[in-house]
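In: Provided below for reference: sequence and predicted model.
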Amino acid sequence: MEPSGDGYKKYYLKENHIILEALSVMVFFNEKIETVSRGDLDALIEERIRYTVKYASEYSPFYKMWFKEQGINPSDIRTHEDLRELPIISGKTIRENQPPQSTDFQFRSIDWGKVFTLHETSGTSGTPKAFFLIWEDWEDMLKNMREAFSHRVLAQAIGSLFVHHTV
């Protein structure tokens with residue numbers, strides 16, 4: 001998605017540098033979500049919390065067991081404030097619930113057929129912790145990186161020149 005609004009004035013090339021002149025106006029990639037009211041944003045966050053907790057409790061072997069062992073009814077977790085009351089899950093717990101300590105990745109909540117890539121942390125605290133990405137995760141990350149970079153560039157460029165070396 002291209003930015004909307006009047007934020008870009010012009011680009012030009014000068015001595016192997018891209019120069020961006022920008023106007024002092026707001027630029028949005030998704031104006032509806034970026035300008036939502038605080039109340040609507042909180043409602044969206046809480047909707048996503050309920051969805052995520054329900055999904056984890058239904059599809060993750062670890063969370064199915066964890067909620068039961070902790071005596072927590074997942075449907076009781078409704079707001080971001082409810083998250084503060086949950087016990088912390090440590091990196092040690094994560095490592096104990098994946099190979100080689102476990103026969104499978106107990107945190108995994110998707111079928112193996114949907115896994116696009118498997119990633120691991122660097123393992124600086126011991127055994128690396130693994131996590132999975134599906135194709136849609138990659139698409140979301142790319143969109144977020146593009147938007148974050150563009151916003152950073154615009155923040156640096158507003159009212160001035162931004163120089164990016166192109167060699």
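Out: In hand now; what should we look at? Residues are numbered from 1 along each chain as shown.
In: how about E46: what's its closest non-neighbour residue?
Out: T79 (5.1 Å; C-beta to C-beta, 6 or more residues apart in numbering). Every C-beta, even on glycine, is put in place using the N, C-alpha and C of the backbone.
In: quick one, phi psi at the one you found?
Out: Phi and psi for T79, reported as degrees, to the nearest 10, are phi -130, psi 170.
In: do the same with D82
Out: Taking degrees, to the nearest 10 as the convention, D82 sits at phi -60, psi -30.
In: residues in contact with it?
Out: For D82, the contacting residues are I49, D76, by C-beta atoms under 8 Å, 6 or more residues apart in numbering.
In: what is the burial count for the residue nearest to E46?
Out: Neighbour count for T79, taken as other C-beta atoms under 10 Å: 13.
In: before we move on, what about I94?
Out: I94 has 18 nearby residues by other C-beta under 10 Å.
In: S109 too?
Out: Counted with other C-beta under 10 Å, residues neighbouring S109 total 18.
In: could you pull out the strands for this protein?
Out: 8-14, 17-22, 117-120, 130-133, 161-165 (DSSP state E).
In: which elements pack onto the fourth one?
Out: If contacts are counted by 3 or more C-beta pairs under 8 Å, 6 or more residues apart in numbering; DSSP states H and E, strand 130-133 sits against strand 117-120.
In: give the rounded mean pLDDT of the strand it packs on.
Out: On average, the pLDDT along strand 117-120 is 87.
In: how far is it from where the chain is centred?
Out: 15 Å (C-alpha atoms, centre = their mean, to the nearest Å).
In: mind checking how far the residue nearest to K114 when sequence neighbours are not counted is from E147?
Out: Spatial nearest neighbour of K114, excluding adjacent residues (C-beta to C-beta, 6+ apart): I134 at 5.1 Å. Remark: distance between I134 and E147 (C-beta to C-beta, to the nearest Å) = 20 Å.
In: and if you look at K114?
Out: Note on K114: its distance to E147, by C-beta to C-beta, is 25 Å.
In: what of V53?
Out: The gap separating V53 from E147 is 27 Å, by C-beta to C-beta.
In: the two: which is more packed in?
Out: V53 (21 against 16).
In: surely the more buried one touches H80?
Out: No - look at V53 against H80 with C-beta atoms under 8 Å: they stay out of range, at 11.3 Å.
In: now do E21, the pLDDT please.
Out: On the pLDDT scale, E21 gets 50.
In: what mean pLDDT does stretch 94-103 have?
Out: Mean per-residue pLDDT for stretch 94-103: 85.
In: quick check: pLDDT value at I77.
Out: pLDDT, I77: 95.
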